[in-house]
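Chemist: pasting the sequence and the predicted model now:
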Amino acid sequence: MISFIVAAFLLINGYILYGSFLEKVFDVSAGNKVPSETKYDGVDFVPLDWKKAFLIQLLNIAGLGPVFGAILGALWGPIAYIWIIFGAVFIGATHDFAAGQLSLRENGASINEIIGKYLGNNTKKLMTVWTLFLLMIVGAVFVMGPARIMADMATDSSKAFSNAESFQEKAESAPISAAASNTVKPIYATLYFWAFVIFAYYILATLFPIDAIIGKIYPFFGLALIMMALFLTQKILTGVWVIPELTLDTFRNINPSSVPIWPVMMITITCGAVSGFHATQSPMIARVLTSEKYSRRVFFGAMITESFIALVWAAAAMGICGGSVIELNNLMGEKGEAVIVVKKVADSLGGFGWLMCLLGVVALPVTSGDTAYRAARLIIADFFKLDQKPIANRLVICIPMFLLGAYMCTMDFRVVWRHMSWLNQGLAVFTLWATAVFLKSTGRNHWLASIPAFFMTFLIATFVLFDSKSGLGMSYVSSNILGIVIAGISAFLISQKNISEKS
């Protein structure tokens, strides 16, 4: 429990101290005009109270990453805390803050536009395709995943969480193939009913002004997410669970399958520490802020909050299994069914606590799925310079986009989804390198972005080279050597870039 308390303390102080430092480096000023003022259109550029903006940003970026990723990361023991803390403060929150702040300075520009300005037009084209692919996959998977859970609940509420197939695999393999087991055939029609409902909601949330739907319901779900974390924190602090402490012994690899900490644990925890998907969401919220002075609270603060949620779930996963990673591994089984841990934790919380967990498992992917599609619309609109105030212009983008999204909901995601973690983190790499170029070009301390960018390039390159399922399956030593070479070459190439504009 002491390790957990210290970890939470470091996260809070990271927000206070490092967040303040970033404000000074980026020269945040309440006197600077913001896009919601200069480009108000009543649709995407709409001023919102910073507290609403914070809760919306939190729901946008959270997804299931801080829950499932943290639970799977707990298989390495308390060392997961270290990556969550330092990854969040020095990489993830820095990344989210930079994406939001640069968008504020660039009149609410989407992340691919920002990357294009600082890394070149060819990189912009690459990242436009990369980002749209990521967003469309996230949107489609976050239709079928929640739909499957709702279908399970409608069929047999007592088995809502505990179906033999994991949530992750349900999301990846949905819809059910013709050869699927007879045990899941009864929920087939119900699955598509919920998929239709969720997809219909996505269409409305993407087309309507941001304050019409998202601005009204997201704050409620955001508060529910925070309440869920507080329920779990209370369990931890009152000593109901045995939470293992971080000691010198836990720095060795205690993963039951001996999967290496570097780079696999970092990629596994993913959104709890850093996520490129967040860079697609921060510009959306940059368009609604009423002042630059709220940047740290909204962008840096939302990431720190998400990381705290990840910290809580990592501790809860270990605690519910008596502090044993072996027991945790046995509970999740060969498929790594993190949802089983969620069920066991939820059952220990009682009625209201169980409801909060349910909201997390269903609402988190839904509230990230709709903003994935919304972000895709904004990126396409920015790329083609298409004004989004007329609804006809929104429909021009949304009709083909949702037709493609509906088709993607029928695909088998098992192969594609394996690549999503590193593709997601790859977007973070480009955002961090773009930030480094911006800082260097404007005479600011570029190392606060250059070092994280180098680290993440090294991490992702090593993972792709090493991992046998979604990468090349090279030896561990060779993967690390080539990984650092790739990171070094990237750093050299980026160092040659410069821009004359002062921001």
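Modeler: On my side now, so go ahead. The shown structure was predicted, so the numbers you read here are calculated from the model rather than taken from an experiment.
Chemist: use CA for all of it now, contacts and neighbours both
Modeler: Fine.
Chemist: give me the pLDDT for residue 129.
Modeler: Per-residue confidence at residue 129 stands at 92 (pLDDT).
Chemist: count of neighbours near it?
Modeler: 12 (other C-alpha atoms under 10 Å).
Chemist: give me the phi and psi for it.
Modeler: Residue 129 adopts backbone torsions of phi -70, psi -50, taken as degrees, to the nearest 10.
Chemist: for it, give its distance to residue 431.
Modeler: Applying C-alpha to C-alpha, to the nearest Å, the value for residue 129 to residue 431 is 15 Å.
Chemist: give me the number of neighbouring residues for residue 332.
Modeler: Using other C-alpha under 10 Å, residue 332 has 17 other residues around it.
Chemist: my bad, should have said residue 478
Modeler: Neighbour count of residue 478, defined by other C-alpha under 10 Å: 12.
Chemist: any idea how far residue 355 is from it?
Modeler: From residue 478 across to residue 355, the span is 47 Å (C-alpha to C-alpha).
Chemist: now the strand or helix carrying residue 395 - C-alpha only, CSV.
Modeler: Remark: residue 395 resides in helix 391-408, with elements defined by DSSP states H and E. In CSV, the C-alpha atoms belonging to helix 391-408 read as follows (Å, rounded to 0.1, in the frame of the first residue of the first chain):
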residue,chain,number,x,y,z
ILE,A,391,-24.3,20.5,-42.2
ALA,A,392,-24.1,19.6,-45.9
ASN,A,393,-20.3,19.8,-45.6
ARG,A,394,-20.4,17.5,-42.6
LEU,A,395,-22.5,15.0,-44.4
VAL,A,396,-20.2,15.0,-47.4
ILE,A,397,-17.5,13.6,-45.1
CYS,A,398,-19.7,11.6,-42.8
ILE,A,399,-21.7,9.6,-45.3
PRO,A,400,-18.8,7.8,-46.9
MET,A,401,-16.9,7.6,-43.6
PHE,A,402,-19.8,5.8,-41.8
LEU,A,403,-20.4,3.5,-44.8
LEU,A,404,-16.8,2.5,-44.5
GLY,A,405,-17.2,2.3,-40.7
ALA,A,406,-20.2,0.0,-41.0
TYR,A,407,-18.3,-2.3,-43.4
MET,A,408,-15.3,-2.4,-41.0
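Chemist: now do the buried residues in it.
Modeler: Buried residues in helix 391-408, defined by neighbour count with 16 or more other C-alpha atoms under 10 Å: 394-395, 397-398, 401-402, 405-406, 408.
Chemist: also stretch 49-67?
Modeler: Using 16+ other C-alpha under 10 Å as the test for burial, stretch 49-67 gives 50, 52-67.
Chemist: and those, which of them are in strands?
Modeler: Residues of the buried residues of stretch 49-67 located in strands (DSSP state E): none.
Chemist: tell me where the stretch 351-500 of the chain has helices.
Modeler: Along the stretch 351-500 of the chain, the stretches classed as helices by DSSP state H, counting those that start in this stretch are 391-408, 414-418, 420-441, 447-466, 476-495.
Chemist: which strands and helices lie in contact with the fourth one?
Modeler: Right, the one you point to is helix 447-466. Helices and strands touching helix 447-466, by 3 or more C-alpha pairs under 8 Å, 6 or more residues apart in numbering; DSSP states H and E, are helix 420-441, helix 476-495.
Chemist: how about the CA coordinates for the shortest one, as PDB?
Modeler: In other words, helix 476-495. The C-alpha trace of helix 476-495 is given here as PDB (Å, rounded to 0.1, in the frame of the first residue of the first chain):
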ATOM      1  CA  TYR A 476      16.000  -9.900 -28.100                       C
ATOM      2  CA  VAL A 477      19.600  -8.600 -28.500                       C
ATOM      3  CA  SER A 478      19.300  -7.900 -32.200                       C
ATOM      4  CA  SER A 479      16.000  -6.100 -31.700                       C
ATOM      5  CA  ASN A 480      17.500  -3.800 -29.100                       C
ATOM      6  CA  ILE A 481      20.600  -3.000 -31.200                       C
ATOM      7  CA  LEU A 482      18.500  -2.200 -34.300                       C
ATOM      8  CA  GLY A 483      16.000  -0.400 -32.200                       C
ATOM      9  CA  ILE A 484      18.500   2.100 -30.800                       C
ATOM     10  CA  VAL A 485      20.000   2.500 -34.300                       C
ATOM     11  CA  ILE A 486      16.600   3.400 -35.700                       C
ATOM     12  CA  ALA A 487      16.000   5.900 -32.800                       C
ATOM     13  CA  GLY A 488      19.400   7.400 -33.400                       C
ATOM     14  CA  ILE A 489      18.900   7.800 -37.200                       C
ATOM     15  CA  SER A 490      15.400   9.400 -36.500                       C
ATOM     16  CA  ALA A 491      17.000  11.800 -34.000                       C
ATOM     17  CA  PHE A 492      19.600  12.800 -36.500                       C
ATOM     18  CA  LEU A 493      17.100  13.400 -39.300                       C
ATOM     19  CA  ILE A 494      14.800  15.400 -37.100                       C
ATOM     20  CA  SER A 495      17.700  17.500 -35.900                       C
END
